[in-house]
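Trainee: Below: sequence and its predicted model.
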Amino acid sequence: MSSRFITPDWPAPANIKAVMTTRDGGVSAPPFDSLNLGDHVGDLPEAVAQNRKIISELLDLPAQPKWLNQTHSTIAVGPTDSECDGDASFSDIAGTVCTVMTADCLPLLVCHQDGSEIAAIHAGWRGLSAGVIETTISQMRSKPDELMVWLGVAIGPDHFEVGDEVRQQFLADDVQADEAFRPSKREGRWIADIYRLARIRLKRLGVCAIYGGGLCSYTDSERFFSYRRDGVCGRMASLIWME
């Protein structure tokens, strides 16, 4: 696999194809260099279009990815929905390419253990706290204990500083979330582990087959975009489809 992509370390069925892009191998100029796939960050539209064409051709995608207009909501778009405003998509139709974009937020790729259903979820802290994972899985045909989930590249547990109001939102939903926060060096601030927060919610739903979650977009500037690190930057994509 090219340096443009990271493949999930999960035992998915053979008909499930999934990747996450890196920032390498595209045509965008700085500060979007180079494989920026976001058309909402200020990059040249023609560069974004070319980058999307590059990954479609390299991956031999069966259809155009379902590019969502992400707003940190809990909206999950189904396979027959024409609406593209949302932060997750799911499908049980072969050839549909579920896709989310991130640059520090957590992407989750989901599939049924028999390869019959898929989903892609964008989970920043707002969407995660509001229940984007729960909402998406509740709309799928699959039972939670039949799913496997890969946690893509997000900001790591040493660099995600948040205010106390964020911590309180998670604690109000589940006191177990306290284990995902530790005090920052700055008074009144906390360091959050977004991977752990997602695992807590997945396990509460009954999802036990959880993989990934070991990389950090903030610290690896060679491979990953990071909004927290750079401010203006590109977006990576996480894609999943069934053959």
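Mentor: Looks like it arrived, so ask away.
Trainee: can you pull the contacts of the residue nearest to the spatial centre of the chain?
Mentor: In the chain, the C-alpha closest to the average C-alpha coordinate belongs to residue 107, at a distance of 1.1 Å (CA atoms, centre = their mean). Counting by CB atoms under 8 Å, 6 or more residues apart in numbering, residue 107 touches 20, 100, 120-123, 151-154, 236, 238. Placement of C-beta: from N, CA and C, glycine included.
Trainee: nearest to residue 28, of these?
Mentor: Within those, proximity to residue 28 (CB to CB) peaks at residue 236, which comes in at 12.2 Å.
Trainee: I'd like to know how far the closest one sits from residue 41.
Mentor: 12 Å (CB to CB, to the nearest Å).
Trainee: which one of the two has more residues nearby?
Mentor: Higher neighbour count among residue 236 and residue 41: residue 236, with 29 against 19, using other CB atoms under 10 Å.
Trainee: nearest residue to the more buried one other than its sequence neighbours?
Mentor: Of all residues not flanking residue 236 in the chain, residue 21 sits nearest, at 4.8 Å (CB to CB, 6 or more residues apart in numbering).
Trainee: wait, that neighbour sits on residue 237?
Mentor: Yes. Between residue 21 and residue 237 there is a contact under CB atoms under 8 Å: 5.0 Å.
Trainee: Comparing those two, which residue is more hemmed in?
Mentor: Between residue 21 and residue 237, residue 21 has the larger neighbour count (other CB under 10 Å), namely 32 against 25.
Trainee: what residue ranges in the protein are flagged as low confidence?
Mentor: Applying pLDDT under 70 to the predicted model, the residue ranges of the chain that meet it are 1-2.
Trainee: quick one: the residue with the largest distance to the centre of the chain from residue 142, how far?
Mentor: Ranking residues of the chain by C-alpha distance from their mean position (CA atoms, centre = their mean) puts residue 187 at the top, at 30.0 Å. Between residue 187 and residue 142 the distance, using CB to CB, works out to 44 Å.
Trainee: returning to what we had before: give the residues shared as contacts by residue 21 and residue 237.
Mentor: Any residue near both residue 21 and residue 237 by CB under 8 Å, 6+ apart counts here, and that gives 37, 55.
Trainee: In contact with the closest residue to residue 206 other than its chain neighbours: list those residues for me.
Mentor: Nearest-residue entry for residue 206: residue 144, 3.8 Å, with adjacent residues in sequence omitted and distances by CB to CB, 6+ apart. The contact partners of residue 144, by CB under 8 Å, 6+ apart, come to 137, 202, 205-207.
Trainee: And those, which of them are buried?
Mentor: Burial of the contacts of residue 144 was assessed by neighbour count (16 or more other CB atoms under 10 Å); the buried members are 137, 202, 205, 207.
Trainee: Which secondary structure state is assigned to the last one?
Mentor: Secondary structure for residue 207, judged by DSSP: H, G, I helix; E, B strand; the rest coil, is coil.
Trainee: can you check the first one too?
Mentor: Secondary structure of residue 137, reduced to three states by three-state DSSP: helix.
Trainee: ok, back up a step: partner residues bridging the residue nearest to the centre of the chain?
Mentor: Here residue 107 sits in beta bridges with residue 122, going by DSSP bridges.
Trainee: Kindly provide the distance from it to residue 195.
Mentor: Taking CB to CB as the measure, residue 107 falls 12 Å from residue 195.
Trainee: list residues touching both of those two?
Mentor: Jointly contacting residue 107 and residue 195 under the rule CB under 8 Å, 6+ apart are 151, 154.
Trainee: Neighbours of the nearest residue in space to residue 128 that is not next to it in sequence, how many?
Mentor: Counting by CB to CB, 6+ apart, residue 197 is the residue found nearest to residue 128 once chain neighbours are left out, at 5.9 Å. Other residues near residue 197 number 25, with proximity taken as other CB under 10 Å.
Trainee: Nothing else from me, thank you.
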